[in-house]
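Peer 1: missing the sequence, but the structure's below:
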């Protein structure tokens, strides 16, 4: 019989995170639609660099996992001084990682679109977008790290408010930076100022929005009244034990994201060879698909928190129950979203492009991937549960097997051997996502992940 009190507690944490993911996705929809109104070339210029920005985001989020899981465990154990120590170490490492990644990315920004196969007509815009977007990397690292830490403290509302506000700010700035000054026939007619910067304007808007939320998060951890508030007067000397655990927990996550993003870079390069329409349609479909797995990510954050806090309180039975419960909730929500994705494939594609060929092809891809969403949702949620227990290695191996061993092998076979179009890439992705769900279920049911829980404290 389902424990309603535990379900209620899980949903209290999950629902704000789900709302955050939905609101961020909706704003991303508007963002993509604004750029899409400039034409297929503008969409393709951002699409060709998307896999690289995902990779950067993955690198930065690894730090968040490494520290946030420790925070969840220490909160569950009622050890406030340890929580504060972990937060100080997280800030130190986030700054080091953020500025290091920024330096590397700026050094390769000029050549990156070329390496990714950008067509000559989109090269200038692609270079401009990636170089400006990357300026916000240190703030993005702070955002990823401390949003994760707040969630693992049990505060999912603050990240929701901040990240939603950041994305709304991005839309407003897009409106001002992308388009030229123009007259709109609203409220009796009004002139709206604009810089007319196109793709470059979209990059500036994104960078400014990410920088703003990073600065606000810094103010929160230093100024908000809380048992876990830190001060500049406290010690920031590197702590080998805390950083060592963060590295042990974070490196597999980093490797997983690198594998995923590396595979996506490979797939983007293959899609680029199918033409500008296919590249634009792929980007539109990927963006539209984002709505289907947002609930699973929200439940995943809650699963990490509840599993980690339960283990910190030495309650392994609750940790197992929360993981199982989260898995079922994630499956139900993802199944529903898969149905929505299939039924609304054409309207969703129409949001982001005015090109009929792009819309038609994107809609086909959305209908194809809808069948894999339930198992993909399960894999997302159970990955969060495994991480809450300190098992970050298994998801890495799943990514290696499914992305590299399945998706990157099958897609070329489908394209070159079976002479398929863009559907080859999405069919290979379906097989990948379903396999992920099966493998994560097998791992969770085995209980082997529990052996890592003892390594989350001194």
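Peer 2: Okay, I see it. As the structure is a computational prediction, the values presented were derived from the model and not from experiment.
Peer 1: buried ones in stretch 304-317?
Peer 2: Using 16 or more other C-beta atoms under 10 Å as the test for burial, stretch 304-317 gives 304-312. For every residue, glycine as well, the C-beta is placed using N, CA and C.
Peer 1: and it, what's its mean pLDDT?
Peer 2: The average of the pLDDT scores along stretch 304-317 is 89.
Peer 1: name the element residue 211 belongs to?
Peer 2: For residue 211, the host element (DSSP states H and E) is helix 199-223.
Peer 1: buried set for that helix?
Peer 2: Across helix 199-223, burial judged by 16+ other C-beta under 10 Å covers 199-214, 216-218, 220-221.
Peer 1: filter the buried residues of stretch 304-317 down to the ones in strands?
Peer 2: Among the buried residues of stretch 304-317, DSSP state E puts none in strands.
Peer 1: sorry, back to before: averaged pLDDT, the helix holding residue 211. What do you get?
Peer 2: 89.
Peer 1: after that helix, next one along is what?
Peer 2: Sequence-wise, the next helix or strand downstream of helix 199-223 (DSSP H and E) is helix 240-272.
Peer 1: got the contact list for residue 67?
Peer 2: 86-87, 89-90, 93, 145, 148-149, 242, 246, 250 (C-beta atoms under 8 Å, 6 or more residues apart in numbering).
Peer 1: what about it, distance to residue 147?
Peer 2: Distance of residue 67 to residue 147, given as C-beta to C-beta, to the nearest Å: 12 Å.
Peer 1: kindly report the same for residue 362.
Peer 2: In terms of C-beta to C-beta, residue 362 sits 30 Å off from residue 147.
Peer 1: which one of those two has more residues nearby?
Peer 2: Using other C-beta atoms under 10 Å as the criterion, residue 362 and residue 147 rank with residue 362 on top: 31 against 26.
Peer 1: I'd say the more buried one and residue 278 touch.
Peer 2: No - taking contacts as C-beta atoms under 8 Å, residue 362 lies outside contact range of residue 278: 9.9 Å.
Peer 1: show me what the strand or helix carrying residue 124 is in contact with.
Peer 2: Assigned by DSSP H and E, residue 124 falls within helix 123-133. Helix 123-133 is contacted by residues 41-42, 45-46, 48-49, 52-53, 105-106, 109-110, 112-114, 118, 198-200, 202-204, 206-207 when judged by C-beta under 8 Å, 6+ apart.
Peer 1: just the ones of the buried residues of stretch 304-317 in helices?
Peer 2: Members of the buried residues of stretch 304-317 lying in helices (criterion: DSSP state H): 304-312.
Peer 1: sorry, back to before: CSV please, covering the buried residues of stretch 304-317 and showing distance to residue 422.
Peer 2: Converted to CSV, the buried residues of stretch 304-317 look like this (distance: C-beta to C-beta, whole Å):
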residue, distance to residue 422
304, 34
305, 38
306, 39
307, 38
308, 40
309, 43
310, 44
311, 44
312, 46
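Peer 1: nearest to residue 443, of those?
Peer 2: Checking those against residue 443 with C-beta to C-beta, the nearest one is residue 307 at 13.4 Å.
Peer 1: got the contact list for that closest one?
Peer 2: Neighbours of residue 307 in contact, by C-beta under 8 Å, 6+ apart: 72, 319, 322-323, 384-385, 388-389.
Peer 1: among the residues you listed, which one has the most neighbours?
Peer 2: Within those, neighbour counts (other C-beta under 10 Å) peak at residue 388, which reaches 34 neighbours.
Peer 1: just checking, that one touches residue 302?
Peer 2: No - with contacts counted by C-beta under 8 Å, residue 388 stays clear of residue 302, the gap being 9.6 Å.
Peer 1: common neighbours of these two, please.
Peer 2: The contact sets of residue 388 and residue 302 do not overlap (C-beta under 8 Å, 6+ apart).
Peer 1: got the residue ranges for the strands in this protein?
Peer 2: Residue ranges of the strands in the chain, as given by DSSP E, are 180-184, 190-195.
Peer 1: separation between the nearest residue to residue 308 once chain neighbours are set aside and residue 390?
Peer 2: In space, not counting the residues next to it along the chain, residue 308 is nearest to residue 72; the distance is 2.9 Å by C-beta to C-beta, 6 or more residues apart in numbering. As judged by C-beta to C-beta, residue 72 and residue 390 stand 10 Å apart.
Peer 1: go on, residue 308?
Peer 2: According to C-beta to C-beta, residue 308 and residue 390 sit 8 Å apart.
Peer 1: swap in residue 168?
Peer 2: Residue 168 is 36 Å from residue 390, by C-beta to C-beta.
Peer 1: between these two, which one's more packed in?
Peer 2: Counting neighbours by other C-beta under 10 Å for residue 168 and for residue 390 shows that residue 390 has the greater number, 24 against 16.
Peer 1: so how far is residue 140 from the residue nearest to that one when sequence neighbours are not counted?
Peer 2: Distance criterion C-beta to C-beta, 6+ apart; nearest residue to residue 390, sequence neighbours excluded, is residue 452 at 3.6 Å. The spacing between residue 452 and residue 140, counted by C-beta to C-beta, is 28 Å.
Peer 1: these two: which is more packed in?
Peer 2: More crowded of residue 452 and residue 140, by other C-beta under 10 Å: residue 140, with 27 against 20.
Peer 1: surely the more buried one and residue 98 touch.
Peer 2: Yes - in this structure, residue 140 is within contact of residue 98 by C-beta under 8 Å, at 7.3 Å.
Peer 1: list residues touching both of the two?
Peer 2: Shared contacts of residue 140 and residue 98 (C-beta under 8 Å, 6+ apart): residue 60.
Peer 1: which among the buried residues of stretch 304-317 gets closest to residue 273?
Peer 2: Among the buried residues of stretch 304-317, residue 304 lies closest to residue 273 (C-beta to C-beta), at 38.3 Å.
Peer 1: now do the contacts for that closest one.
Peer 2: Residue 304 makes contacts with 68-69, 72, 151-152, 384-385, 387-388, as judged by C-beta under 8 Å, 6+ apart.
Peer 1: hmm, try it at 7 Å
Peer 2: By C-beta atoms under 7 Å, 6 or more residues apart in numbering, residue 304 lies in contact with 69, 72, 152, 384, 387-388.
Peer 1: nearest to residue 35, of those?
Peer 2: Out of the contacts of residue 304, the member with the shortest distance to residue 35 (by C-beta to C-beta) is residue 384, at 31.1 Å.
Peer 1: and the closest residue to the closest one other than its chain neighbours, how many neighbours?
Peer 2: The shortest distance from residue 384 to any non-neighbouring residue, by C-beta to C-beta, 6+ apart, is to residue 300 (3.1 Å). When counting by other C-beta under 10 Å, one arrives at 27 neighbours for residue 300.
Peer 1: likewise residue 251?
Peer 2: As a burial measure, residue 251 scores 16 neighbours (other C-beta under 10 Å).
Peer 1: ok, it to residue 258 distance?
Peer 2: Using C-beta to C-beta, residue 251 is found at 10 Å from residue 258.
Peer 1: show me where pLDDT drops low in this structure?
Peer 2: 1-2, 24-32, 50-51, 54, 184-189, 453-458 (pLDDT under 70).
Peer 1: ok, residue 23 - contacts?
Peer 2: For residue 23, the contact set (C-beta under 7 Å, 6+ apart) comprises 164, 167.
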